[in-house]
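**Student:** turn this into a structure:
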Amino acid sequence: MKRIALAAIIAVVVVNLVAIPALADGPTKQAGKSNIGHLYLHEKNPDTWDIIGKDMDGAWGKMKYNLSCDEFSFVFNGHDLEPGESYSLIYYPDPWPGSGLMSLGTAVANEEGNVHIKASVATGDLPAEYDENDGAKIWLTLSGDVDSTSEPTSMIGWNPTEYLFEHDLINYDSCDEGVEISTASLGRPDKPGRPDSPGKSNERGNPNK
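**Tutor:** Residues are numbered from 1 along each chain as shown. Okay, the predicted model is just below:
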């Protein structure tokens, strides 16, 4: 993946993208009748927002997460990323620049381009009340493009060819209206177990609905 410079039209592009229904393998889904959900993240072409499949050397990842209650607990494995690069898994709320985004975890890609991030985060309900979307966007971004220490937190860079975008929006019920927002992360650079491949996709995926 090649980086592109931050452009003045970021806000317009991010807010006005139109989502196309998912047709590829590996959409967000509940595991049977359990409290577990599965979400695929994909590298996408920022000009068309088509998924760049594995057959085109596209990067991808899969997140397993709790659908409700307790904290937002998840395990994420990303593949075919840039070795040595630091990545952050985030919840991104619209509009740009994602004020109030949440950093869910950070990890450095190992020499094979894999990242493993596992955490339990007190996020409250997702999407948050201040989000313009009906569901939550989960992105894997370059750590340097996210300011997770200032108030409010937000995106400070835009290199979409370096990111993974959600296959679908997700919803999470915290079961606790009084929860305080906090962040946590746990990443290791060793090679994670490889989840099922999302396979070839012809979907015109878009990180925004």
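**Student:** nearest spatial neighbour of Ser143, skipping sequence neighbours?
**Tutor:** Excluding the flanking residues, the one nearest Ser143 by C-beta to C-beta, 6 or more residues apart in numbering is Ser86, at 4.0 Å. Heads up, the C-betas are built off the backbone N, CA and C, glycines and all.
**Student:** again with Lys118
**Tutor:** Val75 (4.7 Å).
**Student:** kindly report the same for Tyr172.
**Tutor:** Per C-beta to C-beta, 6+ apart, closest to Tyr172 is Leu126, 4.0 Å.
**Student:** also Asp147?
**Tutor:** Nearest non-adjacent residue to Asp147 (C-beta to C-beta, 6+ apart): Ile156, at 4.7 Å.
**Student:** still on that earlier bit, tell me, what's the model's pLDDT at the residue nearest to Tyr172?
**Tutor:** Looking at Leu126, its pLDDT is 97.
**Student:** and if you look at the one 5 residues further on?
**Tutor:** On the pLDDT scale, Asp131 is placed at 98.
**Student:** now do His167
**Tutor:** pLDDT, His167: 95.
**Student:** and the nearest residue to it once chain neighbours are set aside, how far is that from Asp125?
**Tutor:** Excluding its sequence neighbours, the residue lying closest to His167 (C-beta to C-beta, 6+ apart) is Tyr40, at 4.3 Å. Separation of Tyr40 from Asp125 (C-beta to C-beta, to the nearest Å) stands at 22 Å.
**Student:** who's more crowded, the two?
**Tutor:** Between Tyr40 and Asp125, counted using other C-beta atoms under 10 Å, the more crowded position is Tyr40 (27 against 18).
**Student:** in the host helix or strand of the more buried one, which residues are buried?
**Tutor:** Element membership of Tyr40, judged by DSSP states H and E, is strand 36-42. Neighbour-count burial for strand 36-42, counted by 16 or more other C-beta atoms under 10 Å, picks out Gly37, His38, Leu39, Tyr40, Leu41, His42.
**Student:** kindly report the same for stretch 117-134.
**Tutor:** Across stretch 117-134, burial judged by 16+ other C-beta under 10 Å covers 117-119, 121-128, 131, 133.
**Student:** quick revisit: which helices and strands sit right next to the helix or strand containing the residue nearest to Lys118?
**Tutor:** Assessed by DSSP H and E, Val75 sits inside strand 72-79. Using 3 or more C-beta pairs under 8 Å, 6 or more residues apart in numbering; DSSP states H and E, the elements in contact with strand 72-79 are strand 60-66, strand 102-108, strand 115-121.
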